[in-house]
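Q: fold the following and give me the result.
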Amino acid sequence: KVTYGVLKAVDFGVPQDRQRAIFLGQLGELEISLPQSNGIRTTVKDAIYDLPFIGSGEGTEESTYDKEPISEFAKEMRQNATILHNHVATSHSKLALERLALIPKGAGKEVLPAEHRTKSIYSGTWCRLIEDGVATTITTRFDTPSSGRFTHPILNRCVTVREAARLQTFPDDFVFYGTKTVQMKEVGNAVPPFLAREIARTIAKNEK
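A: Here you go, the predicted structure:
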């Protein structure tokens, strides 16, 4: 027997508006149900503002923290980590940096002059993440401003692999390997661990 529905990651403390269809099956009588919201809300600021504020093209695969956690979420992400991994910013072109410099906090492509408007079909193109809101769905191309709302709330660059991993709720001691393209696929295609944890807890409660 199967129960199913759409779960919103944001309902389980994930700082991201990600929705997924979830199916849970049980042999015999159906006693299991989908998890309910835990009431925890995490913002983009909560998730990534304790990470070093690096610029376009800056960062290394292994680095250090330069400030204390600013939220309970950040503390949980950092609890087992001693080294900061995967915090490397994309090196954007001169034109892209000129464009990004024209976009203030909380704004997007609507403020750009006509000569800087692009024909990108993606929602959120050249738009900054809202620091007191949640991110849109993290895809596998979060290093490109024209691929969606992936621009840092206050810095002129897209989010790093580590920042995207935070928005997906991967702890900092979970290291992504391979080329940057591979790392972005690993992050973007994943189920947020916080959402997976709630589903696992629901299943565990119904074990006999």
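Q: from here on, contacts and neighbour counts on C-alpha atoms
A: Noted.
Q: where does the protein have low pLDDT?
A: Within the chain, the segments meeting pLDDT under 70 span 208.
Q: so who does the most centrally placed residue in it touch?
A: Taking Cα atoms, centre = their mean, the centroid of the chain lies closest to L167, which sits 2.5 Å from it. L167 makes contact with V14, P15, Q16, V44, A47, I48, A135, I138, according to Cα atoms under 8 Å, 6 or more residues apart in numbering.
Q: which one in this protein is furthest away from the centre?
A: In terms of distance from the mean C-alpha position of the chain, G28 ranks first, at 37.7 Å (Cα atoms, centre = their mean).
Q: and that one, how far from N38?
A: 28 Å (Cα to Cα, to the nearest Å).
Q: now R78
A: Following Cα to Cα, the distance that separates R78 from N38 is 22 Å.
Q: so the two - more neighbours on which side?
A: R78 (18 against 11; other Cα atoms under 10 Å).
Q: count the residues that sit near the closest residue to the more buried one other than its chain neighbours.
A: Spatial nearest neighbour of R78, excluding adjacent residues (Cα to Cα, 6 or more residues apart in numbering): D172 at 5.6 Å. The local packing of D172 (other Cα under 10 Å) involves 23 other residues.
Q: could you give me the buried positions within the longest helix along the chain?
A: Longest helix in the chain, counting residues (DSSP state H): helix 193-205. Using 16 or more other Cα atoms under 10 Å as the test for burial, helix 193-205 gives F194, L195, E198, I199, T202, I203.
Q: just checking, the first one touches Q16?
A: No: look at F194 against Q16 with Cα atoms under 8 Å: they stay out of range, at 11.1 Å.
Q: what touches both of those two?
A: Common contacts of F194 and Q16, defined by Cα under 8 Å, 6+ apart, comprise A9.
Q: mind checking which helix or strand R162 is in?
A: Secondary-structure assignment from DSSP states H and E places R162 in helix 161-168.
Q: any idea how far that helix is from the chain center?
A: Here the centre of helix 161-168 is set off from its chain's centre by 4 Å, with Cα atoms, centre = their mean, to the nearest Å.
Q: tell me how far the helix or strand just after that helix lies from the chain's centre.
A: Per DSSP H and E, the first helix or strand lying C-terminal to helix 161-168 is helix 180-188. Averaging C-alpha positions (Cα atoms, centre = their mean) puts helix 180-188 12 Å from its chain's average.
Q: then stretch 157-175?
A: Using Cα atoms, centre = their mean, the distance from the centre of stretch 157-175 to the centre of the chain it belongs to is 6 Å.
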